[in-house]
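Asker: The following block contains a protein sequence and its predicted model.
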Amino acid sequence: MAVCLAGVMAQTAFGSGNSGWAAAPRAPRNLAEFDALFQQVKNWGRWGANDQLGSANLLTDAKRKQAVALVKLGQSVSLSHDLMTDKADDNASPFGHTMLGGNSMDNYRVSYHGYAHSHIDGLCHILYKDQTYNGYPRAEVNTEKGCVKLGIDNLKQGVITRGILVDIPRLRGLPYLEPGTPIYVEDLEAWEKKAGIKIGTGDALLLRTGRWARREKVGPWAVGRNGAGFHASVAPWIKARGVAFVGSDAAQDVVPSMVEGIGLPVHTLLLTGLGINLLDNQDLESVAATAAKLNRWEFLLTIAPLAVTGGTGSPANILATF
């Protein structure tokens with residue numbers, strides 16, 4: 001479902017003039033304006049015509065060493081939500097767990113894309129105009145046996161980087177954001193000022209909207225039709241800052257999307273345009289509580305996807321270590 005931007009976006013949604021990023025088209029309201037933004041921000045060819053890693057190329061050895069040096073206490077916090085086995089408005093495909101062989105073995109079954117299970121998206125997961133990240137045609141990538149290019153197995157060695165939590169409910173003095181709340185560049189920069197931190201090259205940006213806190217309070221709802229998240233206009237800022245990974249407690253996008261004709265503009269801009277692997281449905285409640293207690297909003301982030309050849313993504317138990 002998508003709605004047209006009305007007067008609510010009369011303001012410029014591209015932040016203040018001191019952000020250090022290039023001038024951009026106005027906040028996209030329709031497919032034509034979205035396409036102009038996509039063409040502006042895309043990283044196709046930036047790391048070569050045959051690149052398979054996208055923005056993961058920004059993770060240098062120096063960045064990994066910087067991230068490891070953030071560990072002061074040795075305290076780790078999981079970002080994975082407990083796998084949900086009951087069908088609900090936000091869980092169309094419950095996790096299946098079956099015991100086998102006299103209870104000494106078991107079988108797992110999961111369709112992890114969607115709005116329930118914590119996972120990482122591979123770069124072949126979303127296409128725009130029948131092309132994946134780096135401009136590969138669908139026919140050259142997606143096959144019945146998996147993704148010939150851009151599969152999640154390209155991250156088999158794992159991800160080690162600096163994670164930064166952006167807690168917008170805390171910024172606004174709220175327990176959680178209401179569904180449909182858009183988050184703009186101004187919000188990101190206000191959080192940086194409050195937290196005394198700056199998001200930079202190679203970082204993993206983790207957006208807390210309070211989705212899981214709200215679910216605990218009021219019960220499940222159709223997050224895919226109505227959820228808080230980024231407005232599409234954040235994409236140039238994310239590119240300019242050199243963000244390598246983006247995650248949230250839902251699927252990053254505000255929904256309805258506020259861009260007429262496209263349901264998941266942020267997913268498309270970041271995954272397909274910028275080549276940023278996305279971390280969907282992360283449970284950021286525990287890490288937010290820990291970060292607030294320590295007054296530390298940066299930490300070592302480690303991601304170890306399953307080494308599925310040609311996979312469009314992977315369930316993942318992502319860890320923050322303080």
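Answerer: Okay, I see it.
Asker: From now on I want contacts and neighbour counts done on CA atoms only, so please keep to that.
Answerer: Will do.
Asker: Any idea how many residues pack against residue 280?
Answerer: 27 (other CA atoms under 10 Å).
Asker: That one contacts residue 251, correct?
Answerer: Yes: assessed by CA atoms under 8 Å, residue 280 is found in contact with residue 251 at 4.9 Å.
Asker: which residues do the two both contact?
Answerer: Counting by CA atoms under 8 Å, 6 or more residues apart in numbering, the residues touching both residue 280 and residue 251 are residue 115.
Asker: And the helices in the stretch 101-250 of the chain?
Answerer: Assigned helices in the stretch 101-250 of the chain, in chain order: 138-141, 168-171, 185-195, 211-218, 235-241 (criterion: DSSP state H, counting those that start in this stretch).
Asker: Would you mind giving these as CSV with mean pLDDT and mean neighbour count added?
Answerer: Formatted as CSV, the helices of the stretch 101-250 of the chain follow (pLDDT from 0 to 100; neighbours: other CA atoms under 10 Å):
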stretch, mean pLDDT, mean neighbour count
helix 138-141, 95, 14
helix 168-171, 98, 18
helix 185-195, 98, 17
helix 211-218, 98, 16
helix 235-241, 98, 22
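Asker: Which among those is found nearest to residue 58?
Answerer: helix 235-241 (11.1 Å; CA to CA).
Asker: In terms of secondary structure, what does the closest one contact?
Answerer: Here helix 235-241 touches helix 31-41, going by 3 or more CA pairs under 8 Å, 6 or more residues apart in numbering; DSSP states H and E.
Asker: List the buried residues of the helix it packs on.
Answerer: For helix 31-41, a neighbour-count test (16 or more other CA atoms under 10 Å) marks 34, 37, 38, 40, 41 as buried.
Asker: so the third one sits right up against residue 271, yeah?
Answerer: It refers to residue 38. No: assessed by CA under 8 Å, residue 38 is found out of contact with residue 271, at 11.0 Å.
Asker: Next, show the common contact partners of these two.
Answerer: Common contact partners of residue 38 and residue 271 (CA under 8 Å, 6+ apart): none.
Asker: Give the rounded mean pLDDT of stretch 54-67.
Answerer: Averaging pLDDT along stretch 54-67 yields 98.
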